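Asker: the following comprises the amino acid sequence and a computationally predicted model.
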Amino acid sequence: MKLLVIDVQKGITNEKLYDFDGFIKNTALVIDTARKCGVEVIYVQHDDGPGSGFSVGDDAFEIAEQVKPVDGEKIYFKEINSCFGNKQLAEYLEKQKDRRLVIVGLQTNFCIDASVKSAFERGFEVIIPKGTNSTVDNDYMDAETTCRYYNEMMWPERFAKCVSVDEVITMMEHAD
């Protein structure tokens, strides 16, 4: 089992997110549990390119303080929505015997959705802890509706197991 923490970066980790406090609390709890249980935590950061304000060297690009990595944890950069766009990360994950991926992060309807579907297509068992992905309002749906759409309708029984944080903690405590 691996935990992917996707795009929880300073530039988009703020009060505009649906259930911001719950998202941070749940995500930090899953990360802390993974570390305690020996589940590898892997970070992915989105890079919009030089001059965008959301690229290497920009403060907005940095991982949010509430969930920042500890020494020794892998960090990969990506330039497209799916974290599998980073070939080194994709190759690393493909070599793993345990095909379970817990995915948390931002934003539900962009990089999380793309990564969930890409992982599923590659034969991974994708696990989404409830309350560990979020997004902002858009022109079509408010953020709550968007999160519910993916977590309750789009992913379950198709692309991922959407389970409670407590269930993920139990899985991690019994991970090999």
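Answerer: Done, it's in.
Asker: can we go C-alpha only for contacts and neighbour counts from here?
Answerer: Noted.
Asker: helices of the protein, start to end?
Answerer: 20-37, 87-94, 113-121, 143-148, 165-173 (DSSP state H).
Asker: now those helices in TSV, with mean neighbour count and mean pLDDT?
Answerer: Shown next, in TSV, are the helices of the chain (neighbours: other CA atoms under 10 Å; pLDDT from 0 to 100):
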stretch	mean neighbour count	mean pLDDT
helix 20-37	18	98
helix 87-94	14	98
helix 113-121	20	98
helix 143-148	18	98
helix 165-173	16	98
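Asker: now for V136: which residues touch it?
Answerer: Residues counted as contacts of V136 (CA atoms under 8 Å, 6 or more residues apart in numbering) are 16-18, 107, 142-143.
Asker: at 10 Å what do you get?
Answerer: 12, 14-20, 106-109, 142-144, 146-147 (CA atoms under 10 Å, 6 or more residues apart in numbering).
Asker: show me these that map onto strands.
Answerer: Among the contacts of V136, the members found in strands (DSSP state E) are L106.
Asker: mind checking which of the contacts of V136 are buried?
Answerer: Taking 16 or more other CA atoms under 10 Å as the criterion, what is buried in the contacts of V136 is 12, 17-20, 106-109, 143, 146-147.
Asker: out of those residues, which is nearest to G72?
Answerer: The shortest approach to G72 among the buried ones among the contacts of V136 belongs to L106, at 22.4 Å (CA to CA).
Asker: tell me the contacts of the closest one?
Answerer: Taking CA under 10 Å, 6+ apart as the test, what L106 contacts is 5-9, 12-13, 17, 23, 46, 112-113, 132-136.
Asker: out of the residues you listed, which sit inside strands?
Answerer: 5-6, 46, 133-134.
Asker: what's the first-to-last distance across stretch 104-116?
Answerer: By CA to CA, to the nearest Å, the extent of stretch 104-116 from end to end equals 10 Å.
Asker: I misspoke; the intended subject was stretch 41-56.
Answerer: 21 Å.
Asker: buried residues in that stretch?
Answerer: Neighbour-count burial for stretch 41-56 [16+ other CA under 10 Å]: 41-47, 54-56.
Asker: could you dump these to CSV with distance to A160 and pLDDT?
Answerer: Compiled in CSV, the buried residues of stretch 41-56 are given as follows (distance: CA to CA, whole Å; pLDDT from 0 to 100):
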residue, distance to A160, pLDDT
V41, 19, 98
I42, 19, 98
Y43, 20, 98
V44, 19, 98
Q45, 22, 98
H46, 22, 98
D47, 26, 98
F54, 29, 97
S55, 30, 97
V56, 31, 96
